[in-house]
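In: give me the fold of what follows.
(chains A and B)
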Amino acid sequence: MSRTRRARWARQIRPLFTVYLPVLAYVLFALFPLYFMLVTSLKSNAELYDVNAVPFWISRGLTADHYGLLSTDTPFWSWFANSLIVSVASTVISVVLSVLAAYPLARLRFAGSATFGVAIFITYLVPPSLLFLPLANVVNWLGLSDTLWALIVVYPTFLVPFCTWLLMGYFRTVPKEIEECAMLDGCSRLQSMLFILLPAAVPGVICAALFAFTLSWNEFLYSLVFVSPAELKTMTVGVFSELIRGDIYYWGSLMAGATIGSLPIVVAYVFFLDYYVSGLTSGAIK
Amino acid sequence: MVAYLEVDKRVAGKAQVRRRPGFLARDSHVAYAFIAPALFLLVVLVGYPFVLSIWFSLSDARVGNTGSFIGLDNFNRLLASPIFLQTLQNSIVFTAAALAAKTVLGMGLALLLFRVARFKRLIRGAVLLPFIVPTALSALVWWWMFEPLYSVVNWTLKSVHLINHDIPWLPDPYLAMFTVILVNVWRGLPFFAITLLAGLVAIPRELYEAAESDGAGPIARFWHITLPLLMPVLAVVILFSTIFTLSDFNIVYVLTRGGPMNMTHLFATYSFALGLQGGQIGQGAAVSLFLFPILLAVVFVQLRLVRKAALYE
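Out: Okay, the predicted model is just below:
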């Protein structure tokens, strides 16, 4: 009797304390700020700025006022549209350029391939904070300052290395033989890449596109530096810089903006979780 | 990775002489045509700006003025400036503390997640979320959570009677540093945990069974099997994170803007303050170039690791 009970303890109850409770504690720590963002955005100012009210939940009714203020007092939906335009455009450009660049690195033999591979790897690691000052000059010189084009052109500088690296790994997993067959039948390299390799590497392309979109949507420094008119800002910069006026903080609206600004990424993430996990780990493992 | 490419190149060189020269020559034309757009982009928008940044750092360039060559004056002036030395110290403290916390906690979390059998997808999804949401926006909520008057952290600590007056999280220089490190760890931990978890899954189970039958306890198994076999993944994760932690801009800029009294300035935020807000582009470029030697060191170590891994395969 006591032995079976001890066995049951070991099998079922012990993991609860040694695994699930610590993990739960961490998950609460990870998710609390995001939960708090949502709660703050829906709470009335009277409750928000009452030092005696319990901050963890809403006890005096939900309000959409903070979201209303975003729509009426700020060009919030322009920021949303700007972020969307910039992210989609730079994602498309980057994925096309990266597919083209990753293909020869994974498949073809050419002088300088090793050098190009290392160059891609180094630019992958160059942080934006190293280049934003001279890039501001280049953007100015190209006549792109204070336009969304500045961001559409600059974002691929950190997206292309990442996507190329990722796609190269995926392309290697597709057997060479299927392409060789197609080429014996008279396909050109371009045709063989487009019609034979790409359909077989669709998960890799989706993964690259998701990461490119997420990284552009989340970008902050370049957007802060290259675009200054309020109505041309992207989401991350607009919420931060236009909702703090002098010493007045519109905390409810700040959190409302942060919530809507995070939403597209969270939705994409929920639908494509496995792609995110594989993209994240392939950078380090492969 | 790189080693593979070099081997490929050598093989290609021989093959080209022996047979099918026309076929391979056409191949390399195709290769150059394919990489040309990406190469052009990287030369114009990464290579050229980098050279420009070196020129700026050696000049007295200001906004609207290309400036003239002044040698290493900017670097000399920086090394004599107390604010820059403070920034240097902050960067080291910030990176060392955040990396140590992310490594230890990330390893612990990966080991826990490895043993999770139920709600696996849900839990992994929740764990990774802080890494995915825009940092500039999630840093805003952290700012709100540490706001002097309405801080939810202070409210909680007061209501459980751990403290009886508000803690000045962001106005106090040392607490501000603690706070930005905390937020960086919150954001970066998922990357460590999920990547290390992928490494753990790849370790063959037989090794643990063999060790167990030889009488090795859990701690011995961790030190003699898990850690050595996880080392390559751990090294890569730490190297990546070194660069991204050291060059962090968003968290510090949103939470403290480098203050109070420059006590949380990192290279990126100080370079931004000098070069853009102060208009001293030369000095700003010189500050951000301090990131470069560390970047080079990381690339060097990383390439060596990859080469070693390729040799073992």
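In: list phi and psi for residue B:65.
Out: Backbone torsions of residue B:65, given as degrees, to the nearest 10, read phi -150, psi 120.
In: apologies, that question was intended for residue A:56.
Out: The phi/psi pair for residue A:56 (degrees, to the nearest 10) is phi -80, psi -20.
In: burial of the closest residue to residue B:59 other than its chain neighbours, as a residue count?
Out: Among residues not flanking residue B:59 along the chain, residue B:67 sits closest, at 3.9 Å (CB to CB, 6 or more residues apart in numbering or on different chains). Glycine gets a C-beta too; all of them are placed from N, C-alpha and C. If you count neighbours by other CB atoms under 10 Å in any protein chain shown, residue B:67 ends up with 15.
In: pretty sure residue B:67 contacts residue B:285?
Out: No: shown here, residue B:67 and residue B:285 do not form a contact pair, counting by CB atoms under 8 Å, at 10.4 Å.
In: what is in contact with the two at once?
Out: B:56, B:61 (CB atoms under 8 Å, 6 or more residues apart in numbering or on different chains).
In: which secondary element of chain B has the worst mean pLDDT?
Out: The weakest-scoring helix or strand in chain B, judged by mean pLDDT, DSSP states H and E, is helix B:2-18 (a mean of 38).
In: mean confidence for the helix or strand that that one is followed by?
Out: From helix B:2-18 onward toward the C-terminus, using DSSP states H and E, the following helix or strand is helix B:21-42. The average of the pLDDT scores along helix B:21-42 is 79.
In: can you give the distance of helix B:21-42 from its chain's centre?
Out: Computed by CA atoms, centre = their mean, to the nearest Å, the chain-centroid distance of helix B:21-42 equals 32 Å.
In: so residue B:77 makes contact with residue B:287?
Out: No: with contact defined as CB under 8 Å, residue B:77 does not reach residue B:287; the gap is 10.8 Å.
In: helix or strand: which one has the residue nearest the centre of chain A?
Out: The centroid of chain A falls nearest to residue A:214 when counting by CA atoms, centre = their mean (2.0 Å). In the assignment (DSSP H and E), residue A:214 maps to helix A:202-218.
In: check the offset of that helix from the chain's centre.
Out: 7 Å.
In: next secondary structure after it?
Out: Criterion used, DSSP H and E; the element after helix A:202-218 is helix A:221-226.
In: next up, the contacts around residue A:128.
Out: A:158, A:219, A:221-222, B:247, B:249.
In: want to throw those residues into a markdown table with neighbour count and pLDDT?
Out: Converted to a markdown table, the contacts of residue A:128 look like this (neighbours: other CB atoms under 10 Å in any protein chain shown; pLDDT from 0 to 100):
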| residue | neighbour count | pLDDT |
| --- | --- | --- |
| A:158 | 25 | 94 |
| A:219 | 27 | 96 |
| A:221 | 23 | 96 |
| A:222 | 24 | 96 |
| B:247 | 24 | 93 |
| B:249 | 22 | 95 |
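In: wait, which of those residues is closest to residue A:113?
Out: Nearest to residue A:113, judged by CB to CB, of the contacts of residue A:128 is residue A:158 at 22.1 Å.
In: gap between the closest one and residue A:36?
Out: Residue A:158 sits 30 Å away from residue A:36, going by CB to CB, to the nearest Å.
In: next one: residue B:195
Out: From residue B:195 to residue A:36 the distance is 27 Å (CB to CB).
In: show me where the stretch 1-150 of chain B has helices.
Out: B:2-18, B:21-42, B:48-57, B:73-79, B:82-115, B:120-132, B:135-145 (DSSP state H, counting those that start in this stretch).
In: most packed of the ones you listed?
Out: When the helices of the stretch 1-150 of chain B are scored by mean count of other CB atoms under 10 Å in any protein chain shown, the highest mean neighbour count falls to helix B:135-145 (a mean of 25).
In: buried ones in the next helix or strand after it?
Out: Sequence order places helix B:152-159 as the next helix or strand after helix B:135-145, per DSSP H and E. Judged by neighbour count (16 or more other CB atoms under 10 Å in any protein chain shown), helix B:152-159 contains these buried residues: B:152-155, B:158.
In: try stretch A:137-144
Out: Applying 16+ other CB under 10 Å to stretch A:137-144 flags A:137-139, A:144 as buried.
In: about what we covered before: who's more crowded, residue B:195 and residue A:36?
Out: Shown here are residue B:195 and residue A:36; by other CB under 10 Å, residue B:195 has more neighbours (25 against 18).
In: ok, now which ones touch the residue nearest to the centre of chain A?
Out: A:265, A:268-269, A:276, B:132.
In: pick out the most distant pair among these.
Out: Farthest pair in the contacts of residue A:214, by CB to CB: A:265 and A:276, 10.0 Å.
In: how about residue 208, what does it touch?
Out: Using chain A. A:94-95, A:98, A:162-163, A:166-167, A:279.
In: other chain: chain B
Out: B:221, B:225.
In: output whatever helix or strand it lives in as PDB, nothing but the C-alphas.
Out: Per DSSP H and E, residue B:208 falls inside helix B:205-213. Taking Å, rounded to 0.1, in the frame of the first residue of the first chain, the C-alpha atoms of helix B:205-213 are listed here in PDB:
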ATOM      1  CA  ARG B 205      19.000   9.600 -24.200                       C
ATOM      2  CA  GLU B 206      21.300   6.500 -24.200                       C
ATOM      3  CA  LEU B 207      24.100   8.600 -22.600                       C
ATOM      4  CA  TYR B 208      21.900   9.300 -19.600                       C
ATOM      5  CA  GLU B 209      20.800   5.700 -19.300                       C
ATOM      6  CA  ALA B 210      24.400   4.500 -19.400                       C
ATOM      7  CA  ALA B 211      25.400   7.100 -16.800                       C
ATOM      8  CA  GLU B 212      22.500   6.200 -14.600                       C
ATOM      9  CA  SER B 213      23.400   2.500 -14.700                       C
END
